[in-house]
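Student: need a structure here:
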Amino acid sequence: MKLPTAVLIAAFSMSAGDSLSVFDREWTVRDAADWRVGEEQGAAVLRLVHPREPLDGPRRPIQFAVTTVPHYGKLTVEADVKPRGKSLIVVFAYRDEAHFDYAHLSVDTGQQAPMHNGIFHVYGGERVRISNPEGPPAFPANNRWYHATLTHDASTGAVDVTVDGRPVPALHAVDVSLGAGAVGLGSFDETAEFRNARISTQ
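Tutor: As a prediction, the model looks like this:
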């Protein structure tokens, strides 16, 4: 029996049951020891301090914190983000560990590294790029703060990401297979920091 989307969002699954409280939300993570919740300039900061490679099998990210959101037509995720390596990810339309989409924001272009700086789709197997690789990278440099905004329209499947108010052409895609879902913050196999994260739906 196919579950309603609202039920799937409320009951997303993740292998580990550790949780973190930050940004006025509860986040599920594989291992809380890989994360730190702190403060910087009066703002709460979520730090991913331990990178992890994907598990054996289909290559897809596992190192991100996931939070539930109400069923939505449109979603906006905003946060100040700092890539400590080359990149970080924002997960959206998350149903479970094998079904989700994510934006990979990187200092590389998609032409330099096809699995960087793009929108990727996970549907039971390896992650697959679903955005154009052409265009500038999301980040000019690492280890500094940027303001990233991701918007997702669940009805049309359209997703777009801006960085410091600048559209990133390689971070636009359309996927109608998943619809609305939970949200995540993390990295594919590096470390990153997040602060002032806000999630709104309509």
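Student: did I read that right, Pro61 in a helix?
Tutor: No - counting by DSSP: H, G, I helix; E, B strand; the rest coil, Pro61 is located in no helix; its state is coil.
Student: for it, give its distance to Thr162.
Tutor: 22 Å (Cβ to Cβ, to the nearest Å). For the C-beta atoms, the positions are set from N, CA and C on the backbone; glycine is no exception.
Student: among these two, which residue is more densely surrounded?
Tutor: Pro61 (22 against 16; other Cβ atoms under 10 Å).
Student: isn't the more buried one up against Arg127?
Tutor: Yes - with contact defined as Cβ atoms under 8 Å, Pro61 reaches Arg127; the gap is 7.3 Å.
Student: overlap in contacts of those two?
Tutor: Shared contacts of Pro61 and Arg127 (Cβ atoms under 8 Å, 6 or more residues apart in numbering): Tyr102.
Student: now for this protein, the helix or strand with the poorest mean pLDDT.
Tutor: helix 5-10 (a mean of 39; mean pLDDT, DSSP states H and E).
Student: got the contact list for stretch 46-64?
Tutor: The contact list for stretch 46-64 (Cβ under 8 Å, 6+ apart) reads 20, 22-23, 27, 29-31, 33-38, 65, 85, 89, 91, 97-98, 102, 122, 124-127, 184-195, 197.
Student: buried subset of these?
Tutor: 20, 22-23, 27, 29-30, 34-35, 65, 85, 89, 91, 97, 102, 122, 127, 184-188, 190-195, 197 (16 or more other Cβ atoms under 10 Å).
Student: now the helix or strand harbouring Leu185: how far from the chain's centre is it?
Tutor: For Leu185, the element it lies in under DSSP states H and E is strand 182-186. What separates the centre of strand 182-186 from the centre of its chain is 4 Å, taken as Cα atoms, centre = their mean, to the nearest Å.
Student: kindly report the same for stretch 162-177.
Tutor: Mean-position distance between stretch 162-177 and its chain equals 12 Å (Cα atoms, centre = their mean).
Student: what of stretch 89-99?
Tutor: That offset, for stretch 89-99, works out to 7 Å (Cα atoms, centre = their mean).
Student: also stretch 185-192?
Tutor: With Cα atoms, centre = their mean, you get 9 Å for stretch 185-192.
Student: first to last residue in that stretch, what's the distance?
Tutor: Terminal residues of stretch 185-192 lie 9 Å apart, using Cα to Cα, to the nearest Å.
Student: can you list the residues that contact it?
Tutor: Contacts of stretch 185-192 with the rest of the structure, by Cβ under 8 Å, 6+ apart, involve 27, 46-54, 61, 63-65, 79, 81-91, 104, 194, 197.
Student: mind checking the pLDDT average for it?
Tutor: Stretch 185-192 carries an average pLDDT of 97.
Student: what do you get for stretch 54-67?
Tutor: 93.
Student: report the buried residues of that stretch.
Tutor: Quick answer for stretch 54-67 (16+ other Cβ under 10 Å): 60-67.
Student: roughly how far out does that stretch sit from the chain middle?
Tutor: On Cα atoms, centre = their mean, the centre of stretch 54-67 falls 11 Å from that of its chain.
Student: likewise stretch 123-135?
Tutor: The chain centroid and the centroid of stretch 123-135 are separated by 14 Å under Cα atoms, centre = their mean.
Student: all set now, cheers.
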